[in-house]
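Chemist: sequence and predicted structure below; questions after.
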Amino acid sequence: MRLRLTKNRLVVLFILTITVLAALVLSFRTIDIGGTKRGSDNNTLGIRLGLDLQGGTQLVYRTDDPSVTSSQMDGLVDVISRRINGFGVSEPLIQRQGANEIIIQLPG
């Protein structure tokens with residue numbers, strides 16, 4: 001029984017050591033994957049910050065009229081998308097949530 005515990009601890013220690021060594025090796029190398037770079041000379045990762053970190057506005061539009069159809073809501077999403085894209089806002093998020101809500105997220 002004691003031998004099994006010691007063996008398990010050695011396996012865990014070995015895995016931890018390999019993980020730490022791999023992290024150290026990768027942290028000092030430049031890696032280019034699909035146009036995003038990570039390394040000591042270029043820290044660009046291509047990660048988009050969310051509204052909580054970057055800042056911006058979130059709007060939730062809700063209809064009170066129960067007779068609004070799904071196609072009318074889809075049409076409203078299209079109209080709002082065209083208007084926002086006309087201003088040149090980068091990467092707006094306009095989507096339906098449920099049957100009677102539209103969420104609009106504008107970064108920046």
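Modeler: The structure has been received and is ready for your questions.
Chemist: going forward, measure contacts and count neighbours with C-alpha atoms only.
Modeler: Noted.
Chemist: hey, where'd the helices end up in this structure?
Modeler: 2-27, 51-54, 70-86 (DSSP state H).
Chemist: so which of those helices has the densest surroundings on average?
Modeler: Among those, helix 70-86 has the highest mean neighbour count (mean count of other C-alpha atoms under 10 Å), at a mean of 13.
Chemist: off-centre distance for that helix?
Modeler: Centre-to-centre, helix 70-86 and its host chain are 24 Å apart (C-alpha atoms, centre = their mean, to the nearest Å).
Chemist: now it: average pLDDT?
Modeler: When pLDDT is averaged over helix 70-86, the result is 93.
Chemist: could you do stretch 91-98 as well?
Modeler: On average, the pLDDT along stretch 91-98 is 90.
Chemist: can you list contacts of it?
Modeler: Outside stretch 91-98, the residues that touch it by C-alpha atoms under 8 Å, 6 or more residues apart in numbering are 73-74, 77, 80-81, 84-85, 102-107.
Chemist: what's the answer for stretch 77-88, then?
Modeler: Residues outside stretch 77-88 that contact it (C-alpha under 8 Å, 6+ apart) are 92, 94-96, 102.
Chemist: now those residues: which count as buried?
Modeler: 92, 94-96, 102 (16 or more other C-alpha atoms under 10 Å).
Chemist: list the buried residues of stretch 54-61.
Modeler: Under 16+ other C-alpha under 10 Å, stretch 54-61 has no buried positions.
Chemist: can I get that stretch in CSV, CA atoms only?
Modeler: Taking C-alpha atoms only, stretch 54-61 is exported to CSV below (Å, rounded to 0.1, in the frame of the first residue of the first chain):
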residue,chain,number,x,y,z
GLN,A,54,-12.4,47.0,-23.5
GLY,A,55,-15.4,49.1,-22.6
GLY,A,56,-18.4,49.7,-24.7
THR,A,57,-22.2,49.6,-24.6
GLN,A,58,-24.7,46.8,-24.3
LEU,A,59,-28.3,47.5,-25.2
VAL,A,60,-31.2,45.1,-24.7
TYR,A,61,-34.4,45.9,-26.6
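Chemist: what mean pLDDT does that stretch get?
Modeler: For stretch 54-61, mean pLDDT rounds to 88.
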